[in-house]
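> based on what follows, work out the 3D shape:
(chains A and B)
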Amino acid sequence: MPLKIATWNVNSIKARAEHVATWLKEAEPDVVCLQELKCVDENFPAAAFEELGYNVAVHGQKTYNGVAILSRLPLEDVSPRLPGDKSDEQARYLEAVVSTTNGAVRVASIYLPNGNPAPGEKYDYKLKWMARLGKHAEKLLAYEEPLVLAGDFNVIPSPDDVHDAKAWADDALFLPETRAAFQDLVYRGFTDAFRTAHAEPHRYTFWDYQRGAWQKDHGIRIDHLLLSPQAADRLQACDIDKHVRGWERPSDHVPVWIELGV
DNA sequence: ATGACCACATCTTGTGGA
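Got it, this is the predicted structure:
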């Protein structure tokens, strides 16, 4: 059986706990990286997921941000916060090692800053955060182990990943500097799992709540799974669970998953 | 149609998201 690893920005875990449970039963992932919990650790509905057989690691924050990892397999070396800036209080990074019978896979749940409006302080923070991520990723890649960086990167990598490139031209998710920073990260040795498994353009992971974006398929691809060479060698499948966006009171993001032969 | 949402906090309105 392959190891199925997913990422999903749930836009409040309290508002989406039922959806997550429904999707866990339907998709049967082994590991799930969640983002935008919008709650503190104590309020995370861990029991609901433990009942379904998952171990839970949470790095929460009141009202904003918050990331978690759910895993059917044991979680080891659980480590919150992206190194490189001790003054950064935003809960956007959680790393852990998943132990399988056939070796370990390191997984990070990432909620990269949005960065709007650009230019400005928030955009500066985004670019600094991306530089920190690159530096940390370089260290992790040196382990030469299967590594998966999974999350909401808030980056549209190319014009193929947006319904209307002109409409997003000045947005922090699509600015040339943002895309260049993402490429810098990828060029360190990562594989964009979805783009490797699918050549077709205009496949999305996010549709805005506004302007009928979902009905018109006006989406963007910003939730990614980046694989180290050792993980990329094991990639068997990758897809987007688009139908979840059609559920009642959905998140504006949908799950994206990979299957690794381990 | 120059429009149109959602979640949170505690304020019935402002902030942040993407």
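
> tell me the contacts of A:Ile110?
By CB atoms under 8 Å, 6 or more residues apart in numbering, A:Ile110 lies in contact with A:33, A:35, A:67, A:92-93, A:133, A:149-153. The C-beta positions use only the backbone N, C-alpha and C, and glycine is treated the same way.

> what pLDDT does it get?
Looking at A:Ile110, its pLDDT is 98.

> same question, A:Phe153
97.

> what do you get for A:Arg81?
97.

> secondary structure element for A:Glu18, which one?
Here A:Glu18, judged by DSSP states H and E, is contained in helix A:13-27.

> how close does A:Val97 get to A:Phe44?
21 Å (CB to CB, to the nearest Å).

> with neighbour numbers in mind, choose between the two.
Set A:Val97 next to A:Phe44 and count neighbours by other CB atoms under 10 Å: A:Phe44 wins out with 22 against 18.

> the more buried one contacts A:Gln61, correct?
No. With contact defined as CB atoms under 8 Å, A:Phe44 does not reach A:Gln61; the gap is 11.0 Å.

> what's around A:Leu175, how many residues?
A:Leu175, neighbours per other CB under 10 Å, totals 22.

> pLDDT wise, what is it at?
Predicted confidence (pLDDT) at A:Leu175: the value is 97.

> sorry, back to before: now, which of the contacts of A:Ile110 lie within strands?
Among the contacts of A:Ile110, the members falling in strands (DSSP state E) are A:33, A:35, A:67, A:93, A:149-152.

> any idea what sits nearest the residue nearest in space to the middle of chain A, other than its immediate chain neighbours?
Geometric centre of chain A, nearest residue: A:Gly151, 0.9 Å, by CA atoms, centre = their mean. Of all residues not flanking A:Gly151 in the chain, A:Ile110 sits nearest, at 3.1 Å (CB to CB, 6 or more residues apart in numbering).

> what does chain A put close to DNA strand B?
A:9, A:11-12, A:14-15, A:36, A:38-39, A:62-64, A:113-114, A:116, A:122, A:152, A:154, A:173, A:206, A:208-212, A:220, A:222, A:249, A:252 (CB under 7 Å from any atom of the strand).

> check contacts around the residue lying closest to A:Tyr125 once chain neighbours are set aside.
With sequence-adjacent residues excluded and distances taken as CB to CB, 6+ apart, A:Tyr125 is closest to A:Pro113, at 5.5 Å. For A:Pro113, the contacting residues are A:90, A:92, A:122, A:125-126, A:129, A:154, by CB under 8 Å, 6+ apart.

> quick revisit: now, among the contacts of A:Ile110, which is nearest to A:Ala169?
Here the nearest of the contacts of A:Ile110 to A:Ala169, counting by CB to CB, is A:Phe153; it sits at 18.6 Å.

> A:Asp241 contacts A:Ser251, correct?
No. Here A:Asp241 lies out of contact with A:Ser251, judged by CB under 8 Å, at a distance of 11.3 Å.
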